[in-house]
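Asks: Here is my input; please provide its structure:
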Amino acid sequence: MPQEPRSESDTPPAPADALTQQEAAARVMLAGRDLGAAAVLFHSAVAARMGLTAIEEKALDLILRHGPLTAGELAGHTGLVPSSVTALIDRLARKGFVSRSPDPDDARRVRIAAVPERLAGFGVLFADFVSRIEALNARFSPSELALIAEYLAQAAEAQKAAAAALAAQP
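Replies: Below is the predicted model:
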C-alpha cells in the first residue's frame, strides 16, 4: 500500500529558539489562519443556534461591547455601508435582539441597544469554549498573556484596516 504524503502537522515542530524570524512568522501566519477559520465556524454555529447570521451575531457582540450605538457608530465598527447597517439593525430588531431608543444628545439620532432577555441563550453556547480558553490561559504567565493580548489587538487592527481598504476599492 502506498504511503500517504506527510503533512506539515506530521513533522514535529522545531524548538522556538531554533527558528529564523521568517520561520517563526510563517508559524504565526498559519496559526492565525487556523484561528480565523475556527472563529468563523464557531460563531456561525452559535449564530445558527440563536437564529442569527454570523454577521448579526458579531454586530450584536459589538453593540454589547460598545453600545448603545447609533447606526453610524455600528457602521464604523463593522466597516459596513450605512444601508447595510440599517438592514442589519432592522433584522436584529425584528428578531428581538436589539431595541431602538432616542439619542439623549441628539433627537435626530437613534441608539441601538441589546435586549438583555434575548441574550440569555448565548451563555450556554459559549460556556465550553470559555472554559477551554480559561484552561489555556492558565498555562501562561501574566507577562506572556499581556504579550499575546498586545499581538492579537494589533493583528485585529491590521485586519480591520485591510477590510476598510477592501471596502474603499471600487
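Asks: List the buried residues of stretch 36-45.
Replies: Neighbour-count burial for stretch 36-45, counted by 16 or more other C-beta atoms under 10 Å, picks out His43. (Each C-beta comes from the backbone N, C-alpha and C, glycine too.)
Asks: Tell me if Leu52 really is in a helix.
Replies: No - counting by DSSP: H, G, I helix; E, B strand; the rest coil, Leu52 is located in no helix; its state is coil.
Asks: Looks like it contacts Phe97 (just checking).
Replies: Yes - between Leu52 and Phe97 a contact is recorded at 7.3 Å, counting by C-beta atoms under 8 Å.
Asks: okay, these two: which has more neighbours?
Replies: Ranked by neighbour count (other C-beta atoms under 10 Å), Leu52 and Phe97 place Phe97 first, with 23 against 20.
Asks: Skipping adjacent residues, who's closest to the more buried one in space?
Replies: Arg118 (4.9 Å; C-beta to C-beta, 6 or more residues apart in numbering).
Asks: Next, show the common contact partners of Leu52 and Phe97.
Replies: Common contacts of Leu52 and Phe97, defined by C-beta atoms under 8 Å, 6 or more residues apart in numbering, comprise Leu60.
Asks: what about the residue nearest to Phe97, how many residues close to it?
Replies: Other residues close to Arg118 by other C-beta under 10 Å number 16.
Asks: list the helices and strands the one helix or strand it maps to packs on?
Replies: Secondary structure assigned from DSSP states H and E places Arg118 in helix 116-137. Helices and strands touching helix 116-137, as assessed by 3 or more C-beta pairs under 8 Å, 6 or more residues apart in numbering; DSSP states H and E, comprise helix 21-49.
Asks: Please name every helix or strand in contact with the longest strand along the chain.
Replies: Counting residues, the longest strand found in the chain (DSSP state E) is strand 106-114. With contacts taken as 3+ C-beta pairs under 8 Å, 6+ apart, strand 106-114 sits against helix 54-66, helix 71-78, strand 98-103.
Asks: Right, I'll leave it there.
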